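**Q** Have a look at this fold, sequence not included:
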DNA sequence: AATTCTATTAAACGAACGTTTGAATGGTAG
DNA sequence: CTACCATTCAAACGTTCGTTTAATAGAATT
């Protein structure tokens, strides 16, 4: 799979192009030109452009999952440290503020299309991460959580992280150039961790509702 | 401007189309068909398609700023209530979880393009909101804040909100259907407000660095 | 050696797109 | 009535796109 076959060369050429300009703006001629293959190779190896795109997204997902695995903690790792590791890993995956590899850009592009078939693929990419986060949240909060609160807390955490990818326009506008040093991944992870640890405190002594008093 | 002129009819037809399928997938023929005008009208009124798109984005920005203005508070409004109002207004602007008017979708689409000229327009749309949020943060935190922390806190807040728009794929996947009732705007705003109020506590008794010990 | 399969190529096809043309329409002013 | 102007229209233009064809060369197989 890591070989220099023609099929792989096409995918590796298509990836950055699709990631940068999107599916409809990435022409097969550009891709084939970048891969040094004939345009007919698309039909020969992938059937059509749509399927080339699909295989490219699959390839991106797989290559991405192999890098930056979420850390495996030892038993006595403090919960706050785990949260920091999680946040910084996620930020690193998104490589906030700087050029991300095309795999990330492509997956992010897919994540925001509401009605595509590729969505399931992206969900496979995010769901395990999110489930891991939910487990982590349980460890951070003393006492049981309402399921909806677990989810909302999870969304609060990954929302803070993802914003450094989605909101680049806002970021670039609001953060002066001489302050970029304070927005490196370590410092962002530090902020989000502290902010979140405090935010979680609201739920630590929360009453868990009995089964009778449902809203 | 609110008249039923041909030009306006074209923009109002182009808006939902561009918002749903994007610039390159929205054809002038579809737009003109929806507006019941001839295709040549595009050139006649807008010059070309690119300019039609630009005017449509401008129109969306203007119509959107008029609705859902951020609330003006009285002097004695508690800071936490102001935060709740801000968050719920923002969420309402984004109309999380349900179909948003095309103006929002179009502006969101623009917000994520990193290299477009339209970006300045979107920044005009978001910058005042963000500046207002920074002022609010100052009121919520006792004592002075480092500028970078003000920004990070601001990003934490709008990150939590925007995620309910960007991350619809994750949301739809993780939130079971019978739990959607707990994800209405009021409850989301409630969660984010509480979560944020706690998170802000980390900064309330913070030491403000003297001018000498810069970074 | 003859045949078959795999891979690649130049060239063209048909469709869809943004754009443009040139005429027709209808109201208004001279 | 005539001339003028803004507006609308059907039709076509030129380009680009994804796709397909038919031919070719080499390797593998019989």
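**A** Thanks, I have it. This one's a predicted model, so the numbers in the text were calculated from it and none came from an experiment. Residues are numbered from 1 along each chain as shown, chains lettered A, B, ... in the order given.
**Q** CA atoms for contacts and neighbours, from now on please.
**A** Will do.
**Q** Give the residue spans of chain A that score low on pLDDT.
**A** A:1-3, A:65-69, A:95-100, A:114-119, A:204-215 (pLDDT under 70).
**Q** Up against DNA strand C, what does it have?
**A** A:6, A:36-41, A:44 (C-alpha under 7 Å from any atom of the strand).
**Q** do that again at 6 Å, thanks
**A** Residues of chain A lying close to DNA strand C (C-alpha under 6 Å from any atom of the strand) are A:6, A:37-41, A:44.
**Q** Filter those down to just the ones in strands.
**A** Among these, DSSP state E puts none in strands.
**Q** Serialize those to JSON lines and add fields for neighbour count and distance to DNA strand D.
**A** Output for the residues of chain A next to DNA strand C, formatted as JSON lines (neighbours: other C-alpha atoms under 10 Å in any protein chain shown; distance: C-alpha to the nearest atom of the strand, whole Å):
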{"residue": "A:6", "neighbour count": "14", "distance to DNA strand D": "15"}
{"residue": "A:37", "neighbour count": "16", "distance to DNA strand D": "11"}
{"residue": "A:38", "neighbour count": "12", "distance to DNA strand D": "8"}
{"residue": "A:39", "neighbour count": "15", "distance to DNA strand D": "5"}
{"residue": "A:40", "neighbour count": "14", "distance to DNA strand D": "4"}
{"residue": "A:41", "neighbour count": "16", "distance to DNA strand D": "7"}
{"residue": "A:44", "neighbour count": "10", "distance to DNA strand D": "8"}
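**Q** Would you mind listing the residues in contact with residue A:18?
**A** A:25-26, A:53, A:106 (C-alpha atoms under 8 Å, 6 or more residues apart in numbering or on different chains).
**Q** swap the cut-off to 10 Å and go again
**A** Applying C-alpha atoms under 10 Å, 6 or more residues apart in numbering or on different chains, one finds that residue A:18 lies in contact with A:24-27, A:31, A:53, A:56-57, A:102-103, A:105-106, A:109.
**Q** what helix or strand is it on?
**A** Counting by DSSP states H and E, the element that carries residue A:18 is helix A:6-21.
**Q** now do residue A:187
**A** Applying DSSP H and E, one finds residue A:187 within helix A:185-204.
**Q** So which elements touch that helix?
**A** Counting contacts by 3 or more C-alpha pairs under 10 Å, 6 or more residues apart in numbering or on different chains; DSSP states H and E, helix A:185-204 is packed against helix A:79-94, helix A:119-140, helix A:147-166, helix B:147-166, helix B:185-204.
**Q** buried ones in that helix?
**A** Buried residues in helix A:185-204, counted by 16 or more other C-alpha atoms under 10 Å in any protein chain shown: A:185-186, A:188-203.
**Q** go on, stretch A:133-151?
**A** By neighbour count on 16+ other C-alpha under 10 Å, the buried set for stretch A:133-151 is A:133-134, A:136-137, A:139-141, A:145, A:148, A:150-151.
**Q** what sits against the residue most central in space within chain A?
**A** The centroid of chain A falls nearest to residue A:94 when counting by C-alpha atoms, centre = their mean (5.9 Å). The contact partners of residue A:94, taken as C-alpha under 10 Å, 6+ apart, are A:88, A:100-101, A:104-105, A:108, A:161-162, A:164-166.
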